[in-house]
Structure formats: C-alpha cells, structure tokens
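Q: sequence? don't have it. structure:
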C-alpha cells in the first residue's frame, strides 16, 4: 500500500533532491557576524528547508565570517511580534507573508488582490517584473528592506469544518480565520463572511475549539500545520496568491560588508527559485496526501467568485487606496479589475 503520511520526505515529493548541508570552514572560530532569520512556518515547510540550505551556503561562501541561525515555527514570537523585532533590529532577518507585511507597508498587499492572478505564469511575470520592483521600493522606504526576490506561499484555498463552500453565497455568515491582513479581511467581508483576524500561532487551537469554522491558506500550510486534523472540506478557490519576503533590518544589513551582502542575496535568490518549484509541485501532489488524511476537496468555479467580488466595492476601494499608478502595475498582468 502506498504510504500517504505527510512526512518531510513526502512533502518534498517531486522537488529537487536536497544537497547535504555545508560544513563550517572556520570550525572552532567565532563568526565575525552572527545573525538570526526567523520564520513562522513548520520546520518541514519548503521555506525552512530551502532557507537552511541557503544559510549553509552563505556560511561556506563567506568562510565562516557570517553565520545566520534559523528560528522556524514562530519560536521568537508571533508574526506581528517578529515584524516589530525586525524593524527594531532585535531580529536581523524575518520571512513574512506579503499579506501581513501590509499592516506596515500597505503596498505589500497589492499582489494579494483577490483573483488577480490566474496562474503562476502571471504571478512571476508580475513579481519578477514591474509590480515586484514597485513593492520592493515601497518596503525600502521604511527601516526594513527585502534581501532577495520574493518566495512563494502559494494560492490560498478555503477549508471548513462545518459546511461545503461551493459558491460565493456559501460564504455568507461563515466564520473564517484570516491572518491580520487588511486585504484578506476586506475580501471576505465583501463576500459577507465573518472574517476574524488571528495570528498563525493561534490558528490550530482556534479551529480545534470552534472559535472559527474555517480558514484559508495554501495547501503546503494546511499540510505542515496539520490543519487537516481539524477541518473536513477544502474548496479550491485560489482566491489570493501570497508570497513571502525575506526582510532585513537596514542597520544590520548595512553593517555587513558589501561582499557579504552580495553572497546573502545571491544564495537566498537561489533558494527562492528552488522553493518556488517545491511549492508549485506540492500544490498538486498534496491533494492526494490530504485526501488520504480525510480532507474532501471541492472544485469551484473561480470566475463566479471573482464576478461576485466585482459586484461589490472591493476593487474600487482598493484602487482608490493604492492610487492609479500602483494599480496599473497590477492590471498590467491581471487585466482590468475595475
């Protein structure tokens, strides 16, 4: 019988084989710079697997001068706590979803506009092109900056413990957890759902105790956070694409010599490419694994959801908030939204 356990090995089915971690070349010597990289994802998530590979390569390439230690799974605080820490420099690097970063840099959620991207080709055309450049420039106007190209969180899907979500009308009154992200809160409120912003480290318990009926996340998160244990249905709405920026504290970044900064960005870019491929493959392969765990998948008509959203003021309101220039970067790839 085929093993359907969602182990670290099965989570990376179809992804590239992972190289062995590098060996510290200055063994026994203290690093010249010791920094921290915090993430919110489970250690088995591709974000952490690929980040650790990058950190090992950075240590090797800098001959041990720079050591960056990985702290996954919100070990150093909730996402909102960690955003404050990277701003003040107590954490040097932090991997954060674009949707949550929007609480500090509003333009960060521009790529999270509901039903803006039909597929990954559209996503990367935007995020490795004009839209990504615009968002990075807006982030750089603050005490933090992006130190690599964007990583992939994935297309977000709705899960539920109580009802099947097949049409936009099924969302009416549905108590759904969303991250503390204005765009996602706004989207579900526009569709008459009861959106409740809750930090990720409180998500599982909120579902388990029925504080909320459902949540929405990419399938890799649903798997690695074991949300299938407290959910019954998964509707493949793909309502929002979400990414991760690796954010750096500017003062900490500027303390590094230029040659070390180049190594950091080069190796994180390389792992970002690998991680994008991992998540894209997992988004397909995880359906079988999660089905075996008891989650029932529901294919929906995404166009019907987008049309329902278009009948509200959602797109008009967000265009007004961002302005015509910023909105045009999005519509260059998404097509007309308003």
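A: Happy to help now that I have it. Because the structure is a prediction, the values reported are computed rather than measured.
Q: just the helices in the stretch 101-250 of the chain please.
A: Under the criterion DSSP state H, counting those that start in this stretch, the stretch 101-250 of the chain contains helices at 120-127, 130-139, 182-190, 203-208, 219-224, 250-255.
Q: single out the most deeply packed of these.
A: helix 219-224 (a mean of 24; mean count of other Cβ atoms under 10 Å). In short, each C-beta sits where N, CA and C put it, glycine included.
Q: residues making contact with it?
A: With contacts defined as Cβ atoms under 8 Å, 6 or more residues apart in numbering, helix 219-224 is touched by 6, 11, 41-42, 44-46, 153-154, 157, 159, 227-228, 231, 234, 279, 282-283, 286-287, 289-290, 295.
Q: the longest helix seen in the chain: what's the following helix or strand?
A: The longest helix of the chain (DSSP state H) is helix 258-292. Going down the chain from helix 258-292, the next helix or strand is strand 296-299, by DSSP states H and E.
Q: residues making contact with the longest strand belonging to the chain?
A: Secondary structure assigned by DSSP state E gives strand 241-249 as the longest strand of the chain. For strand 241-249, contacts defined as Cβ under 8 Å, 6+ apart pick out 37, 47, 51, 86-89, 91-99, 101, 108, 111-112, 116-117, 123, 127, 139, 143-148, 150-156, 218, 268.
Q: so how far is residue 63 from residue 248?
A: Note on residue 248: its distance to residue 63, by Cβ to Cβ, to the nearest Å, is 21 Å.
Q: one step back: any idea of the angle the longest helix of the chain forms with strand 241-249?
A: 150 degrees (axes from the mean of the first three to the mean of the last three Cα atoms, to 10 degrees).
Q: give me the number of residues near residue 128?
A: Neighbours of residue 128 under the rule other Cβ atoms under 10 Å: 12.
Q: that one is in contact with residue 148, isn't it?
A: No: Residue 128 lies out of contact with residue 148 (Cβ atoms under 8 Å); the separation is 11.7 Å.
Q: returning to that earlier point: off-centre distance for the longest strand of the chain?
A: 7 Å (Cα atoms, centre = their mean, to the nearest Å).
Q: what inclination does it have with respect to helix 120-127?
A: Using the same axes, to 10 degrees: strand 241-249 against helix 120-127 is 30 degrees.
Q: strand 241-249 pairs with which strands, parallel or anti?
A: strand 93-97 (antiparallel), strand 144-146 (antiparallel), strand 151-155 (antiparallel) (DSSP bridges).
Q: for ChimeraX, what selects the buried ones among the contacts of strand 241-249?
A: In ChimeraX, this line selects whichever of the contacts of strand 241-249 come out buried by 16 or more other Cβ atoms under 10 Å:
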select :37,47,51,86,87,89,91,92,93,94,95,96,97,98,99,101,108,111,112,116,117,123,127,139,144,145,146,147,148,150,151,152,153,154,155,156,218,268
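Q: not counting sequence-adjacent ones, nearest residue to the residue nearest in space to the middle of the chain?
A: What sits nearest the mean C-alpha location of the chain, by Cα atoms, centre = their mean, is residue 153, with 3.3 Å. Once flanking residues are discounted, residue 153 sits nearest to residue 242: 3.9 Å by Cβ to Cβ, 6 or more residues apart in numbering.
Q: kindly report the same for residue 230.
A: residue 207 (4.2 Å).
Q: for the stretch 1-150 of the chain, what spans make up the strands?
A: With DSSP state E, counting those that start in this stretch as the criterion, the stretch 1-150 of the chain has strands at 33-38, 66-71, 93-97, 144-146.
Q: which one of the ones you listed lies nearest to residue 172?
A: strand 93-97 (26.5 Å; Cβ to Cβ).
Q: neighbouring contacts of the closest one?
A: So strand 93-97 is in contact with 35-41, 47, 51, 68, 79, 82-83, 85-86, 147, 151, 153, 179, 181, 242-249, 252, going by Cβ under 8 Å, 6+ apart.
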